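Everything below, folded, please.
(chains A, B and C)
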Amino acid sequence: MLTIVYLVAIAAEAMAGALAAGRRSMDFFGVTVIAFVTALGGGTLRDVILGHFPVGWTQHPAHVYLVISAGLLTTLVARYLHHLKRIFLVLDAMGLVAFSLIGSDVALQMSYAPPVVIMAGMITGIFGGVLRDVLCNQVPVVFRQELYAVVSLAVCLLFLLLREYGVADDLNTAISFSAGLTLRLCAVWRGWRLPTFSYRQRWD
Amino acid sequence: MLTIVYLVAIAAEAMAGALAAGRRSMDFFGVTVIAFVTALGGGTLRDVILGHFPVGWTQHPAHVYLVISAGLLTTLVARYLHHLKRIFLVLDAMGLVAFSLIGSDVALQMSYAPPVVIMAGMITGIFGGVLRDVLCNQVPVVFRQELYAVVSLAVCLLFLLLREYGVADDLNTAISFSAGLTLRLCAVWRGWRLPTFSYRQRWD
Amino acid sequence: MLTIVYLVAIAAEAMAGALAAGRRSMDFFGVTVIAFVTALGGGTLRDVILGHFPVGWTQHPAHVYLVISAGLLTTLVARYLHHLKRIFLVLDAMGLVAFSLIGSDVALQMSYAPPVVIMAGMITGIFGGVLRDVLCNQVPVVFRQELYAVVSLAVCLLFLLLREYGVADDLNTAISFSAGLTLRLCAVWRGWRLPTFSYRQRWD
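Numbers count the residues shown, from 1 in each chain, chains lettered A, B, ... in the order given. Okay, here's the model as predicted:
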């Protein structure tokens, strides 16, 4: 089940990435790179930091083709996509939660300690968007946006907690996924945000 | 033969990187870092993503010295370099093609699948410049420039195709190199570009 | 001894990172990420490039907690921190020197060649700040600031040199640390800078 969600999610992330590239008037190559990085960059970074080789997508050429196709398709249908705004929000939320769970699982399989497991989940869930924003030359939106990273954190924590209490992995995944999706959709719907920290003092 | 082209190319890339650093008024350390990243960053990223350790330049201190020397030398002769504009264009084209072939070869040796081989070639050929632009705080020029990444893609595809048909590696390298160099120089000469994708809609 | 210096230094770097995030009005998650990246990003990059797995902090959850706590604490006490400007300068200098020595040591243990050992030290000492600046969307300050990277270079060179002459590691560390700290503090005090390289010619 998580695999299907994952495939839908990387396609949706690739499309979101392609739109970001379009906002910078990139050419078709730039669109493809940004789509790829948005969809698969978080997982790549996780694998590299955990020393988990070979990196995920190198073993799944189909994922590469899917992401590139989704990115290029976006350039054709971009003008209609804003009608699908709500669907994208849901797909993005599903991707965030699925990526977080998959990322945690990779670190668990490698017997890393709990804080590393949580960070692996968060890197997978969030850093695709961070890398996209860095390549588009802007401050990553996830560092100042509504509740996004916290959802990833909550999902990973819940998953580890239930696992500690002996809940079977399949059930655990289903519960964590549903809870995370609900939290994220509520956050979008109600505009929940983390407090921000503004610092203006100059030290010179 | 490819080795000599490679050494000339990393020196030329280092010099181009140093000029980019000069456009940001960096100090000599910044110049050296940008020169290094432009010349060797693509190969480093490829090795890290493929899990190909130790990373190339760590085994070739001479490459490190060459790149640093070329970067620092550039600060001395910068005022004369625009007279060599055409030579730089050719060296840059040779570097792009040579980097792409070398990158593909590394992935082939590690038995990666064809799309990964192609991406390894493109990362080697292009991401030095991408990392340079990220460190210089601008949108990577390769995402909106004239035909550059496509040359890398074409070279890698041609190389894989001829290899599939049983062409010997040496001959294959010579053919792919010549074809790629010709394509790139034509693209610069005629100003060929990929179509760009501009997206202005706000979803809010 | 170096371990205690290291812990103090990563806490200080995390606090400096949190302040940089505050200058961009990030939310608490952004503050935490920038604090983490500033304190532990240089070491992570070093480990990944050297193929030194598992990456340092994944084996020391306490470091992760320390860095996150220091980052969040900063948001509470930020308004008082400029009174501690001098202490921060000293802590930052100690961190720079300690990170450089620790990074060199990791590469030495892995039997890398001297230029790689030096670069490992410099990456550890400096790239936390570079990654912070990239994520905050600005040209890395270390590429144009007063003598900073050169201190890292000098410390690594001195350490390798004394090692070559048979000085015991403990004594060597103490000497290199003191010399580097002195050099850095003098550089700050006297405003020593590297010459910069400005290049304005357009080639078009």
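
show me where chain A has helices.
Taking DSSP state H to define them, one finds helices in chain A at A:2-23, A:28-50, A:61-81, A:85-109, A:114-135, A:149-164, A:169-190.

Could you export these to TSV, including columns for mean neighbour count, mean pLDDT and distance to B:Leu183?
From N, CA and C alone the C-beta is placed, and that goes for glycine too. Shown next, in TSV, are the helices of chain A (neighbours: other Cβ atoms under 10 Å in any protein chain shown; pLDDT from 0 to 100; distance: least, Cβ to Cβ, whole Å):
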stretch	mean neighbour count	mean pLDDT	distance to B:Leu183
helix A:2-23	22	90	24
helix A:28-50	26	95	14
helix A:61-81	17	92	21
helix A:85-109	21	91	37
helix A:114-135	25	94	25
helix A:149-164	21	94	43
helix A:169-190	16	93	46
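
got the ones you listed as TSV, with distance to C:Arg132 columns?
Converted to TSV, the helices of chain A look like this (distance: least, Cβ to Cβ, whole Å):
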stretch	distance to C:Arg132
helix A:2-23	22
helix A:28-50	16
helix A:61-81	29
helix A:85-109	23
helix A:114-135	12
helix A:149-164	17
helix A:169-190	27
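
could you redo those helices as TSV and give each row distance to chain C?
Below are those laid out as TSV (distance: least, Cβ to the nearest Cβ, whole Å):
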stretch	distance to chain C
helix A:2-23	15
helix A:28-50	6
helix A:61-81	22
helix A:85-109	9
helix A:114-135	5
helix A:149-164	4
helix A:169-190	12
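
Ok, which of those comes nearest B:Gly191?
helix A:28-50 (16.2 Å; Cβ to Cβ).

need the residues of chain A near chain B, please.
A:18-19, A:21-31, A:33-34, A:44, A:48, A:53-55, A:58-59, A:61, A:64-65, A:75, A:78-79, A:82, A:85, A:134-137 (Cβ under 8 Å from any Cβ of the partner chain).

ok, the most centrally placed residue in chain A to A:Ser104 distance?
Nearest to the geometric centre of chain A sits A:Gly125, at 3.3 Å (Cα atoms, centre = their mean). To A:Ser104, A:Gly125 is 9 Å away according to Cβ to Cβ, to the nearest Å.

cool, and A:Ala18?
As judged by Cβ to Cβ, A:Ala18 and A:Ser104 stand 28 Å apart.

got it, and A:Met110?
11 Å.

ok, now which ones touch A:Val117?
By Cβ atoms under 8 Å, 6 or more residues apart in numbering or on different chains, the contact set of A:Val117 is A:104, A:107-108, A:156, A:160.

What of A:Thr44?
Here A:Thr44 is in contact with A:55-57, B:49 (criterion: Cβ under 8 Å, 6+ apart).

Let's see that with 7 Å instead.
A:55, A:57, B:49 (Cβ atoms under 7 Å, 6 or more residues apart in numbering or on different chains).

What of A:Ala14?
A:35, A:38-39, A:67, A:70-71.

what do you get if the cut-off is 10 Å, keeping everything else the same?
A:Ala14 makes contact with A:31-32, A:34-40, A:63, A:66-74, A:128, according to Cβ atoms under 10 Å, 6 or more residues apart in numbering or on different chains.

All set now, cheers.
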